[in-house]
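>>> Show me the folded form of this:
(chains A and B)
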There are 2 protein chains.
Amino acid sequence: MSFTTNAEIAQFGGKLYKLSHDSTSTKTKMEVNVFVPPSTASSIPVLMYLSGLTCTPNNASEKSFLQYFASKFGFAVVFPDTSPRGAGIEGEDELYDFGTGAGFYVDATQEPWLQNYNMYSYVHKELLEKLAGHFSNLDFGKISITGHSMGGYGALAGFLKNPGKYQSVSAFAPICNPLNCAWGEKNFGNYLGAEKSDWYKYDPTCLIKSYTDSYQPDILIHQGAADGFYHKDKYLQPENFAAAAKEAGYKGTIDLNIVDGYDHLYFFISSFVEQHALHHAKALGLVE
Amino acid sequence: MSFTTNAEIAQFGGKLYKLSHDSTSTKTKMEVNVFVPPSTASSIPVLMYLSGLTCTPNNASEKSFLQYFASKFGFAVVFPDTSPRGAGIEGEDELYDFGTGAGFYVDATQEPWLQNYNMYSYVHKELLEKLAGHFSNLDFGKISITGHSMGGYGALAGFLKNPGKYQSVSAFAPICNPLNCAWGEKNFGNYLGAEKSDWYKYDPTCLIKSYTDSYQPDILIHQGAADGFYHKDKYLQPENFAAAAKEAGYKGTIDLNIVDGYDHLYFFISSFVEQHALHHAKALGLVE
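So this is what the prediction gives:
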C-alpha cells in the first residue's frame, strides 16, 4: 500500500483523508491531505492546492474553506506539503522562508539539497501518479491547480511548465517574479545555484513569455492591497506577470484583482476561494 | 475607551475585530473577536457564538466559517473567550477541562474561583453591554445565540435562563445534561459547590423543564454520531434534553440531528454552520 491513512474525517458530506507515504522524490516520509466530495460520479475531477511558506497540508485544509465549494461543485482537492521534513540537512530548520516548509516547488540541483528538495517532481508527477493509484474514483487526467503565495507561484509555474496537464490555474497572492525578490533569490540561489538562466525555468513571469502552447485559458489572481509582502516588500509583483503575459501576447485574460483592505493570510484566501473554486469548476466542466 | 483593537482584518467583505478589554466580571483582561458584515444597515443583528473547552476567540473565527454566512445574511458575530486567563489561581492551568479554557459559563460561588470565574455574567451581560457601547451600528436588542460543546451548553442555558433576550438558539454537540456527566460534575462541583440544586440553575435539561415563558422557538442541534464524547463517554446526551422538552410540553421543535460519520471538532462544525446561520437569520428577520 502506497499510502497510510492517518485520519478520515467527515466534512461537507465528503471525506478529508490525512495520508502519509514514502516519497522517492524527497526520500522522506511525506504527508498529504485529500478531500473527496460527496459525488456519485465514477470519475471526479481534481484541484491541486499548493500552500505557502511554513504550511503543512493542514493549514489550508482547516482555514481555506475550499472544501465547502469542492463539495458543492463536485471536485476533489489535493493539499500537498510544502517541503520534505526531517531530511536531516544542516541548516534546513533555521529560517521560516528557506528549507523546511519552503521547498519552493523546484527540483534542487545543488548540494546539500538535491537529494531531498525535489518538490517540483514530487507534486506534479510522483504524488499525482501515486494518488491516481490510490483513489480509483478520482480523475487525475482532469485536474486544475491553484495555490497561495509560494504555492501561487508553484501553481503558475506548474501550469506553464506542463502545457495540457492542468485545465486551469489560479493563485492567491502569488510570488509572480521570484527571480526579482528576496524570497526567490534566497531559495533559487540555494536550490538551483548562481546561474540565473536556471531560475528562469521556474519563474512565472519568465515562463509566460516563452509559453507557446495553444491552450491559453484565463488566469485568475487575487492580491490583497494591504498585504505588506506586496506593497512594502515587493515580493509578489503580480503586475510584472500581467505585463509579461500582455507583452507575450498570451491569449487568455490575466484576471488580476487587487483587493482593498485584504492582507496575505487565510482570512484573505477564504474570502475569495469561492471565485477560484468557480473558475476551476467551469474549466473542469462541472458548471457552465 | 473600553476596548483595545489588536487587529482589524478584512474578511468576506466585512471586518473581523480582535479586541481586548478589562472585565469587571472576571477581573482580568479578556479577549473577544467580533465580525461585522458588509451591511449598510444602521442596525445590524448579532449572533453570539460560545466556544468549547480549551478554545480562545480565535479557534472558531479561523475554523467555523460562520463569517461567510454572517456576511451573506447580514448579521454580526461575537466570539467571546471561554474563561478568564491568568487569574493566578492555583491549579487553574492543570487540566484541559477545568479552569483556564473551561469557565463553563457559570458565575462561581466557591473559593478560590468566585472572584474571577464569572463567565455567565461576563458573556450575557457585561460583554454585550460594553460591545453595544463600542459598535453603534450593531443591534444588541436583536440577538441570537449558538455554541459548540461546552459553548453549546452555554448557549442553551443562556437562552433558557434569559427569556426574551435571545431571539433563537442552536448548538453543535452541546453538553445537554452536565449534571449527569463527568465534565459537568467536575466543573459544577468546583465552581458551584456540592449542592446539586445549584447545578440545576445551569443545566439545560433541568432548565427546559421549568421554562415558562411563552416564547418557545424551535431549537436546532447537530450531533456527530462518530463523536466519542457522545457515543462512548456519554458527556453530551442530547436525547435527555429532547425528552425533557417533550415531557415539559415545550412548544417549539427540538430539531435534533444525529449525523452519521461526524466527530466533535471544527470539520463537523463547519459542515453544518450554514444550517445554523440560516436558522438564526430567519429568527433575526434577515431571511424569510
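>>> what about the residue nearest in space to the middle of chain A, distance to chain B?
By Cα atoms, centre = their mean, the mean C-alpha position of chain A lies nearest to A:Leu50, the distance being 2.6 Å. For A:Leu50, the distance to chain B equals 20 Å [Cβ to the nearest Cβ, to the nearest Å]. All C-beta spots, glycine's among them, are computed from the backbone N, C-alpha and C.
>>> OK, now which residue of the stretch 101-250 of chain A is nearest to chain B?
Distances between the stretch 101-250 of chain A and chain B by Cβ to the nearest Cβ are smallest at A:Ala226, namely 7.1 Å.
>>> quick revisit: quick check, the residue nearest to the centre of chain A in contact with A:Phe104.
No. At 10.6 Å, A:Leu50 does not count as touching A:Phe104 under the criterion of Cβ atoms under 8 Å.
>>> Between these two, which contacts overlap?
Counting by Cβ atoms under 8 Å, 6 or more residues apart in numbering or on different chains, the contacts common to A:Leu50 and A:Phe104 are A:150, A:154.
>>> picking that back up, in contact with the residue nearest to the centre of chain A, which residues?
Taking Cβ under 8 Å, 6+ apart as the criterion, A:Leu50 is in contact with A:80, A:82, A:105, A:123, A:145-148, A:150-152, A:154-155, A:158.
>>> Check what pLDDT the residue nearest to A:His264 when sequence neighbours are not counted gets.
Nearest non-adjacent residue to A:His264, counting by Cβ to Cβ, 6 or more residues apart in numbering or on different chains: A:Asp227, 4.2 Å away. A:Asp227 is assigned 98 on the pLDDT scale.
>>> and the gap between A:Asp227 and B:Ser61?
Going from A:Asp227 to B:Ser61 by Cβ to Cβ, to the nearest Å gives 19 Å.
>>> go on, A:Ile219?
Counting by Cβ to Cβ, the gap from A:Ile219 to B:Ser61 is 31 Å.
>>> So A:Asn177 is in contact with A:Pro204, correct?
Yes. When contacts are counted by Cβ under 8 Å, A:Asn177 is listed as touching A:Pro204 (7.1 Å).
>>> So those two - more neighbours on which side?
Taking other Cβ atoms under 10 Å in any protein chain shown, A:Asn177 and A:Pro204 do not tie; A:Pro204 has more neighbours (32 against 23).
>>> before we move on, back to that, give me the neighbour count for the residue of the stretch 101-250 of chain A closest to chain B.
A:Ala226 has 15 nearby residues by other Cβ under 10 Å.
>>> Report the contact partners of it.
By Cβ under 8 Å, 6+ apart, the residues touching A:Ala226 are A:260-263, B:10.
>>> Pull up the gap between it and B:Ala7, please.
Distance of A:Ala226 to B:Ala7, given as Cβ to Cβ: 12 Å.
>>> Go through the contacts of A:Ala226 and flag which are in strands.
The strands, defined by DSSP state E, take in B:Ala10 from these.
>>> ok, and the most crowded of the contacts of A:Ala226?
Counting neighbours by other Cβ under 10 Å, A:Tyr262 leads the contacts of A:Ala226 with 25 neighbours.
>>> Tell me if I'm right that that residue and A:His231 touch.
No. A:Tyr262 lies out of contact with A:His231 (Cβ under 8 Å); the separation is 11.3 Å.
>>> Quick check: neighbours shared by these two?
If you check A:Tyr262 and A:His231 against Cβ under 8 Å, 6+ apart, the residues they both contact are A:Ala225.
>>> So which bits of stretch A:211-225 are buried?
A:211, A:216-224 (16 or more other Cβ atoms under 10 Å in any protein chain shown).
>>> To clarify, my last question referred to stretch A:135-154.
Applying 16+ other Cβ under 10 Å to stretch A:135-154 flags A:135, A:138-140, A:142-154 as buried.
>>> ok, the residue lying closest to A:Asp97 once chain neighbours are set aside to A:Tyr153 distance?
Excluding the flanking residues, the one nearest A:Asp97 by Cβ to Cβ, 6+ apart is A:Leu53, at 5.3 Å. Using Cβ to Cβ, we find A:Leu53 at a distance of 11 Å from A:Tyr153.
>>> near chain B, which residues of chain A?
Residues of chain A lying close to chain B (Cβ under 8 Å from any Cβ of the partner chain) are A:9-13, A:16, A:62-63, A:65, A:68, A:224, A:226, A:259-263, A:266-268, A:270-271.
>>> who has more neighbours, A:Asp227 and B:Ser61?
B:Ser61 (24 against 21).
>>> If we ignore the residues flanking it in sequence, what's nearest that one?
Once flanking residues are discounted, B:Ser61 sits nearest to B:Asn33: 4.7 Å by Cβ to Cβ, 6+ apart.
>>> Can you list the strands that the helix or strand containing the one you found pairs with?
Here B:Asn33, judged by DSSP states H and E, is contained in strand B:29-36. Strand B:29-36 has its sheet partners listed here by DSSP bridges as strand B:14-22 (antiparallel), strand B:76-80 (antiparallel).
>>> Buried residues of that strand, list them for me.
Of the residues in strand B:29-36, those buried (16+ other Cβ under 10 Å) are B:30-36.
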